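pasted the sequence and its predicted model underneath.
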Amino acid sequence: MELTGGCLCGQVRYRSTGAPLRQFLCHCRDCQRSSGSAFHHGVAVPREGFTLLSGQPAVYRSTADSGRAIARHFCVNCGSGLWNEIELRPGVLGLRAGTLDDPGLVPPRYEIYARSKAGWLVTDVLESHPDMTPVPKPTR
């Protein structure tokens, strides 16, 4: 699946050709603060299929609610958050779905950090996890 997107001012543009790995809402306080919203709608894609088409975003590095490193890429001109990279998932980018040309292509499938979800937000149609999504156990 090809996904294209960019920032508000159009200075930064990107394309992802890898199939989405995860489509989620994150309610952690870091995502709430960095997005300026009640949650972050993320689409995890393989870094391998990601291409920066134009612009040079800045990066803000910090420690996430999980205690792991996170790098948030954003446009230096308009400030739009574009994608995140988290230490937990090397080789994967978390695109901010609102920056996609067609965010309707990747609806969220589940929510994480639901313990921090705004009380007025109803998302009862999604699989919900109080923290990070559980890692699948290996089959024998």
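Structure's in. What do you need?

OK, contacts around the residue minimising distance to the centre of the chain?
For the chain, the residue nearest the mean C-alpha position is residue 42 (3.0 Å; CA atoms, centre = their mean). Applying CB atoms under 8 Å, 6 or more residues apart in numbering to residue 42 gives the contacts 22, 23, 24, 25, 26, 84, 94, 95, 96, 97. For glycine as for every other residue, the C-beta is placed from the backbone atoms N, C-alpha and C.

check which helix or strand covers the closest residue to the fourth one other than its chain neighbours.
If I follow you right, that is residue 25. In this structure, residue 25 finds its nearest non-sequential neighbour in residue 111, 4.3 Å apart by CB to CB, 6 or more residues apart in numbering. According to DSSP states H and E, residue 111 maps onto strand 110-112.

for this protein, give me the ranges with low pLDDT.
Residue ranges of the chain with pLDDT under 70: 124-140.

count of residues packed around residue 87?
Residue 87 is flanked by 13 other residues according to other CB atoms under 10 Å.

is it true that it touches residue 67?
No. Judged on CB atoms under 8 Å, residue 87 makes no contact with residue 67 at a distance of 9.3 Å.

for the residue nearest to residue 25, which residues make a bridge with it?
Residues in a beta bridge with residue 111, per DSSP bridges, are residue 25, residue 128.

kindly report the same for residue 54.
Beta-bridge partners, per DSSP bridges, of residue 54: residue 13.

that one reaches residue 12, doesn't it?
Yes. Between residue 54 and residue 12 there is a contact under CB under 8 Å: 6.5 Å.

these two: which is more packed in?
Using other CB under 10 Å, the more surrounded residue of residue 54 and residue 12 is residue 12, with 26 against 11.

what sits against residue 44?
Contacts of residue 44 by CB under 8 Å, 6+ apart are 20, 21, 22, 23, 24, 89, 92, 93, 94, 95.

if I look at residue 8, how far off is residue 68?
28 Å (CB to CB, to the nearest Å).
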